[in-house]
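**Q** when you get a sec, could you give me coordinates for this:
(one chain, ligands or ions: 2)
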Amino acid sequence: MSAYKDEDPRIHGIKTRIRVVPNFPKPGIMFQDITTLLLDPKAFKDTIDLFIERYKGKNISVVAGIEARGFIFGPPIALAIGAKFVPLRKPRKLPGEVIFEEYTLEYGKDRLEMHVGAVEPGEHALVVDDLIATGGTLCAAINLLERVGAEVVECACVIELPDLQGRERLNGTPLYVLLESH
Ligand SMILES: O=P(O)(O)OC[C@H]1O[C@H](OP(=O)(O)OP(=O)(O)O)[C@H](O)[C@@H]1O
Ligand SMILES: Nc1ncnc2[nH]cnc12
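**A** Numbering: from 1, shown residues only. Ligands and ions are numbered 1, 2, ... in the order given. Have a look, this model is predicted:
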């Protein structure tokens, strides 16, 4: 599912604000830089509004945002839909007891951690990040939430790199994106 297929007029403006940087952080990677989107308040607001319109009234109690760029998009969505925000962090950042999942990236290896007790069994969760590439990060996030008994209603990203087929690693969890980049 993706907003660009509905041809929402706001999508074009959002897409033009994302800078593509070749060979960052490694040769061969076309880096999708969302910091340029944040410089345009209209395009940034349109991005957040598209997610709010989709998730308002859907009984979501938790928005889980993935460090670092999911921390930019997740909190305004959580506030607007009346959900709590739970940060899923890189190793050794959270001070309390954590559970963790390891995963591989388009350009390396990493681990996501979540505070024990932040999410209760039976809660309905939305996972938010800026981008899905191989899907390893979102898969780790889904696993963390499901291990504590939450239901992941959907994952939401601004950008999908469909050539990397990350969507197929989500084991049937729905994914909603605003735009694709090839
Ligand atoms: O679908 P995947 O192949 O798992 O890749 C997607 C992830 O990669 C990027 O984060 P990155 O790990 O570069 O961390 P950062 O946001 O801290 O820069 C991006 O923000 C996603 O979280
Ligand atoms: N091509 C890419 N651009 C930005 N973030 C990424 N994370 C993984 N692949 C990426």
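**Q** which element follows the one helix or strand residue 110 maps to toward the C-terminus?
**A** Assessed by DSSP states H and E, residue 110 sits inside strand 108-115. Following strand 108-115 in sequence order, the next helix or strand is strand 124-132 (DSSP H and E).
**Q** what strand or helix carries the closest residue in space to residue 147 that isn't next to it in sequence?
**A** Leaving aside its chain neighbours, residue 147 sits nearest to residue 99 (6.2 Å; criterion: Cβ to Cβ, 6 or more residues apart in numbering). In this view, the C-beta of every residue, glycine as well, is placed from N, C-alpha and C. Per DSSP H and E, residue 99 falls inside strand 98-105.
**Q** and the strand holding residue 110, which residues are buried?
**A** For strand 108-115, burial by neighbour count (16 or more other Cβ atoms under 10 Å) applies to 112-115.
**Q** pull the residues that contact that strand.
**A** The contact list for strand 108-115 (Cβ atoms under 8 Å, 6 or more residues apart in numbering) reads 64, 66-67, 86, 88-91, 93-94, 96-103, 137, 140-141, 144-145, 148.
**Q** and it, what's its mean pLDDT?
**A** Average pLDDT, strand 108-115: 93.
**Q** what's the angle from it to strand 98-105?
**A** Here the directions of strand 108-115 and strand 98-105 differ by 160 degrees (axes from the mean of the first three to the mean of the last three Cα atoms, to 10 degrees).
**Q** how far does strand 108-115 sit from the chain's center?
**A** 14 Å (Cα atoms, centre = their mean, to the nearest Å).
**Q** just the buried residues from the contacts of strand 108-115, in ChimeraX please.
**A** Buried residues within those, by 16+ other Cβ under 10 Å, are selected in ChimeraX with:
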select :64,66,67,86,88,89,94,98,101,103,137,140,141,144,145,148
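**Q** within reach of ligand 1, which of the contacts of strand 108-115 are there?
**A** For ligand 1, the contacts drawn from the contacts of strand 108-115 by Cβ under 6 Å from any ligand atom are 66-67, 137.
**Q** can you redo those as TSV with pLDDT and distance to residue 10?
**A** Output for those, formatted as TSV (pLDDT from 0 to 100; distance: Cβ to Cβ, whole Å):
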residue	pLDDT	distance to residue 10
66	98	23
67	98	27
137	96	26
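**Q** in three-state terms, label residue 177 for me.
**A** The three-state label given to residue 177 by DSSP: H, G, I helix; E, B strand; the rest coil is strand.
**Q** partners of the residue positioned nearest the centre of the chain in the sheet?
**A** Computing the C-alpha centroid of the chain and ranking residues by Cα atoms, centre = their mean puts residue 129 first, at 1.7 Å. As for beta bridges, residue 129 partners with residue 157 under DSSP bridges.
**Q** who's in contact with it?
**A** Residues in contact with residue 129 (Cβ under 8 Å, 6+ apart) are 65-66, 69-70, 73, 137-138, 141, 155-157.
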